[in-house]
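Novice: Sequence first, then the predicted structure, then my questions.
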Amino acid sequence: MKSFFESKGFRELLRIVLAVTIGLALGFIITLFVSKDPVGAYKSFLLGPISRLNRIGDWLEESLTLILLGLVICIVFGASQWYIGVEGQMVLGAMAAGCVALYVPIPPLPRILLAFLAAMIVGALWGLIPALLKAYYNANELVTSLMMNTVALKIFEYILKAFIMTPKSRSISSELIEKPFRLPTFIPNLPFLQGIREIWMKQTSVTIMVYIVIAAVIIVYYLLYKTPFGYELRTVGLNTKFAHYGGINVKRTIIMSILVSGLVAGLAGAHLTLAIHNKIISNMTSGLGFEGINIAILAGNNPLGVPIAGLLYGYLRAGSDVMERSSDVSRELVFVIQAMVLLLVTAERLLPTIQKRVADIKENSENGTNGKPDVKNVKEGDSHVA
Amino acid sequence: MKPIVEMKNIVKIYDNGVVANNGVNFTVNKGEIHALVGENGAGKSTLMKILYGIEQPTEGEIIIDGQSVSFKSSLDAIDHKIGMVHQNFMLVPSFTVAANVVLGNEPIKNGFIDKDQVLKVTKELSDQFGLFVQPDAIVDGINVGQRQRVEILKTLYRKAEILILDEPTAVLTPQETQDLFKAIRTLVQQGKTVIFITHKLREVKEISDRVTVMRHGKMIGTVDTKDVTREQMANMMVGREVFLNITKPPMKRGEKRMEIKNLSYISETGRPVLQDVSFNLYAGEILGIAGVEGNGQTELVEVLTGLKRSAGGQAFVKGKSVLDHTPREVRQQGVAHIPEDRLTNGVALKESIEENLIVDRYFSAPYKKGMMLDYRLIENKGKELIKQFGILTPNGKLPVESLSGGNMQKVIVAREFSSNPFVLIASQPTRGIDVGATEFIREELVRLRTAGCAVLLVSADLSEVMSLSDRIVTLYEGRITGVFPDAAKVGEDELGLYMLGIKHQTNEEMEKFL
């Protein structure tokens, strides 16, 4: 057994930590130029999200959405489908969940369940069009799914404005979903948790979605790495021709990968309506769908890494909110930091290169000459004997 | 002649503990063609990667032209006029030939790339060394032989004096190989030095001045090529006598297992590739398809295994039609398939060895247990196959891309043979792999046939077809030109006449043997 510190997971983590540190440092340098009180601004950015209970709640809630979106991308990218229609699936999922929660006259529990179900099914079905086009006509899924996003957003706005919006509402939105049909708080109603529960409920609205997301992470992991479907999906993703030769139904796998990802995208939509906004509201997703790609990249496309990446990414977003409100630095600064972090993480050779440099320096200082390279600084990764 | 390359006591130990080179001494003289031979995994490529600066040696010294050097990367090696042509070409497919040649060091005029100059230098280099290319052609549209010439031109453009060619003939047709040899001779005449990695001993005899043999990371010896026979070289490579002639027990032909009737196939460009091909395949025999490459063999195999759709005809296994069915349906009739292009079709390089071994069976018991895959069982089955087929790897969790070519082929063979095939279709089963693996795979083919499997063998290696097959069919321009019921009784020359379409048997003559 290799020790944890030599494991791949640890190296991944180290890489992300390194990238984030460098990104934050660069962000600070920029802050120095743009702010009258750079230290204060940066402090509010770094510590803001955990400074108050309600902010922690906001951070967690946003992270939950991001984690779901990251999972979506893990699935489709795992099959090497460059599918980015999550935004559309999510917004229509949010609409479906909202409609059920608002208008279907059944008791709370079945109504909430039905709302989830509707959101997931709508999410999956919306992916069907690009999926079929890709599988049967080899239409580039990147293009079709991107176009389908626009279509979905317009449908959403149309339904909202034409059928749902009430004349008396001040914003373009539905009425609030009534309390019993929203998701309950994540702390169970048990006697000994009563105190904490009350404090949390007063200040935040983190719901039982926490558990659903944890379950989703585990299910997606098992689906991708332990089931025949996951094997098919990954094999198609790694070498389509080999998959076909081996007897895997490539078309079906491509379609299924997008459909399954749509279920999760729909779930994210349901989360927006039932837990975050508590109503259907215009511009609900605001481009969140694309953040899933960043999360998946940060997580190295591994579902188990997605929660960490989602929380981290969510933290940066939450911090940027706080900073904008409490200092003279705008949230765009954080986009720069996020971009830096992603660049550094995707620069896959970063860590090996640094390791090699360090080894070289060490060696040179030890030998004092241009001694022969030793085992330590051998390039890692593609060691194979031919 | 003075040495231009001296590698002294080279040791290379990879991070994962694999000892690839163990005290290798290697000397190349200026202006010679030096063959470097050894089985896959013998450490040839590693040694050359060290010389080219891609890998750094754990120990040892490299002397180029009398000067001790230490390469940190291949850029250092290029500075010392070393060029390498890899097995897998590294070209930009959407660029022209000329743009690829100058890539990274383009001639500049007024801050822009001087397009005319680019074409001109490519043309000049091409003419000077007899490496004929069309400078303005797009790389995507040219064939493998031409691409290789572009790769060689790239190194020459960077002023290489020492050229390393890593198994250059593995991807070439016999005709292209001859062209390459001609070009290599021209290069040497103009003072270049060529190091030629291969394991085709016939080519060593044909092209090289001296030959160095490696085995298990060690250098066995360097000799003048004219002083050794192929058998002696083979002996040095594997450390034992190799039986180039296979002994096989007499054939016991059983029932008819596959029936192919009037099969035809038309290519995407509308060219009729297979026309009216009919033959039967019987249990307990190896039926060899002999033909010059490009006469429909590849397509025949791909149509029969479900990878391509036919343009007419029928094919039956166990009385059930298998033509134009999915690859899975064909496999479920008991047809196993060793594909011609192992890197594209045969494996998923980044997937683990274990997972590559189950692609034809993961969906059924015992691999599938309930809704899940039983990964413990997959690991154990993988271990069994790795052991049984002698796949050289620390464990089955590693990606297939970590294996050498011969071992990759063993992964495919292990999977296809272990499915207990009713019919086995083997396409180029030993192409581009080392003597040891070749011998192993040939023996396994014969063993399978003797155990009663029906084997269809397609190979560009005529001696392989002749020595393994019980019965031979010749294919010329997509038609069967002859059938030889007793492979042992037909001569190479005779077969050649049918392969080249000079002689034809009539339908009546063929009918009773097909």
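Specialist: Now that the structure is in, tell me what you want to look at. What you see is a predicted model; the values in this text were computed from it and never measured. Numbering: from 1, shown residues only, chains lettered A, B, ... in the order given.

Novice: Run through the residues of the stretch 101-250 of chain B sitting next to chain A.
Specialist: By the rule C-beta under 8 Å from any C-beta of the partner chain, the part of the stretch 101-250 of chain B lying against chain A is B:Gly217. Every residue, glycine included, has its C-beta placed from N, CA and C.

Novice: low pLDDT regions in the stretch 101-250 of chain B?
Specialist: Residue ranges of the stretch 101-250 of chain B with pLDDT under 70: B:171, B:238-246.

Novice: 90 instead, please
Specialist: B:103-117, B:128-134, B:136-148, B:166-179, B:198-205, B:214-221, B:228-250 (pLDDT under 90).

Novice: in it, which spans are helices?
Specialist: Under the criterion DSSP state H, counting those that start in this stretch, the stretch 101-250 of chain B contains helices at B:115-129, B:144-157, B:174-189, B:201-207, B:230-238.

Novice: would a markdown table of these with distance to A:Ser51 and mean neighbour count be doable?
Specialist: Formatted as a markdown table, these follow (distance: least, C-beta to C-beta, whole Å; neighbours: other C-beta atoms under 10 Å in any protein chain shown):
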| stretch | distance to A:Ser51 | mean neighbour count |
| --- | --- | --- |
| helix B:115-129 | 61 | 17 |
| helix B:144-157 | 59 | 22 |
| helix B:174-189 | 70 | 16 |
| helix B:201-207 | 73 | 18 |
| helix B:230-238 | 71 | 18 |
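
Novice: Look up how far A:Arg197 lies from A:Pro191.
Specialist: Separation of A:Pro191 from A:Arg197 (C-beta to C-beta, to the nearest Å): 10 Å.

Novice: where exactly do the helices run in the stretch 151-300 of chain A?
Specialist: Assigned helices in the stretch 151-300 of chain A, in chain order: A:194-203, A:209-226, A:228-238, A:240-246, A:250-271, A:288-298 (criterion: DSSP H, counting those that start in this stretch).

Novice: now for these, which one comes closest to chain B?
Specialist: Minimum separation from chain B across those (C-beta to the nearest C-beta) falls at helix A:240-246, 3.2 Å.

Novice: Which residue is it, in the stretch 401-514 of chain B, that comes closest to chain A?
Specialist: For the stretch 401-514 of chain B, C-beta to the nearest C-beta, closest residue to chain A: B:Ser402, 4.6 Å.

Novice: my guess is that residue contacts B:Leu392, does it?
Specialist: No. Using C-beta atoms under 8 Å, B:Ser402 makes no contact with B:Leu392, being 10.3 Å away.

Novice: Tell me which of the two has more neighbours.
Specialist: B:Ser402 (21 against 17; other C-beta atoms under 10 Å in any protein chain shown).

Novice: what sits up against stretch B:13-29?
Specialist: Contact partners of stretch B:13-29, identified using C-beta atoms under 8 Å, 6 or more residues apart in numbering or on different chains, comprise A:375, A:378, A:380, A:383-385, B:1-12, B:34, B:36, B:43, B:46-47, B:50, B:57-58, B:60, B:162, B:193, B:195, B:210, B:212, B:214, B:216-219, B:222, B:394.

Novice: Kindly report the domain assignment for chain B.
Specialist: Annotated domains of chain B cover B:3-238, B:263-511 [automatic domain parsing].

Novice: Could I get those in JSON lines, plus columns for distance to A:Ala309?
Specialist: Below are the domains of chain B laid out as JSON lines (distance: least, C-beta to C-beta, whole Å):
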{"stretch": "domain B:3-238", "distance to A:Ala309": "27"}
{"stretch": "domain B:263-511", "distance to A:Ala309": "22"}
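
Novice: Any idea which of these gets closest to A:Phe116?
Specialist: domain B:263-511 (21.7 Å; C-beta to C-beta).

Novice: Show the end-to-end separation of that closest one, please.
Specialist: End-to-end distance for domain B:263-511, by C-alpha to C-alpha, to the nearest Å: 15 Å.

Novice: likewise stretch B:51-65?
Specialist: Start-to-end, stretch B:51-65 (C-alpha to C-alpha) is 13 Å.

Novice: Same question for stretch A:40-53.
Specialist: Using C-alpha to C-alpha, the two ends of stretch A:40-53 sit 20 Å apart.

Novice: doesn't B:His34 fall inside a helix?
Specialist: No. B:His34 is assigned strand when assessed by DSSP: H, G, I helix; E, B strand; the rest coil, not a helix.

Novice: and it, how many neighbours does it have?
Specialist: So B:His34, with other C-beta under 10 Å, has 24 neighbours.

Novice: For it, which residues are in contact?
Specialist: For B:His34, the contacting residues are B:28, B:193-196, B:208-212, by C-beta under 8 Å, 6+ apart.

Novice: Quick check: which element contains the residue in the stretch 51-200 of chain B that chain A sits nearest to?
Specialist: Proximity of the stretch 51-200 of chain B to chain A (C-beta to the nearest C-beta) peaks at B:Gln56, 3.9 Å away. If you go by DSSP states H and E, B:Gln56 is not part of any helix or strand.

Novice: In terms of helices and strands, where is B:Ile425?
Specialist: Per DSSP H and E: strand B:423-427 holds B:Ile425.

Novice: just A:Pro130 next, same as before
Specialist: helix A:108-137.

Novice: chain center to the helix or strand of chain B with the lowest mean pLDDT: distance?
Specialist: Every helix and strand in chain B was compared by mean pLDDT, DSSP states H and E; the lowest is helix B:230-238, with a mean of 75. Remark: helix B:230-238 is offset 20 Å from the chain centroid, using C-alpha atoms, centre = their mean, to the nearest Å.

Novice: That helix packs against which elements?
Specialist: Judged by 3 or more C-beta pairs under 8 Å, 6 or more residues apart in numbering or on different chains; DSSP states H and E, the packing partners of helix B:230-238 are helix B:201-207, strand B:210-215, strand B:218-224, helix B:435-450.

Novice: Need the winner for burial among these.
Specialist: strand B:210-215 (a mean of 23; mean count of other C-beta atoms under 10 Å in any protein chain shown).

Novice: CA atoms only for that one, dumped as PDB, please.
Specialist: In PDB, the C-alpha atoms belonging to strand B:210-215 read as follows (Å, rounded to 0.1, in the frame of the first residue of the first chain):
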ATOM      1  CA  ARG B 210      26.200  -3.100 -38.100                       C
ATOM      2  CA  VAL B 211      23.700  -4.400 -35.600                       C
ATOM      3  CA  THR B 212      23.400  -4.100 -31.900                       C
ATOM      4  CA  VAL B 213      21.200  -6.600 -30.100                       C
ATOM      5  CA  MET B 214      19.500  -5.900 -26.800                       C
ATOM      6  CA  ARG B 215      17.700  -8.200 -24.500                       C
END
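
Novice: If I take that strand and strand B:218-224, what angle do their directions form?
Specialist: Going by axes from the mean of the first three to the mean of the last three C-alpha atoms, to 10 degrees, strand B:210-215 is angled at 160 degrees with respect to strand B:218-224.

Novice: relative to helix B:435-450, how tilted is strand B:210-215?
Specialist: Here strand B:210-215 runs at an angle of 60 degrees relative to helix B:435-450 (the same axes, to 10 degrees).
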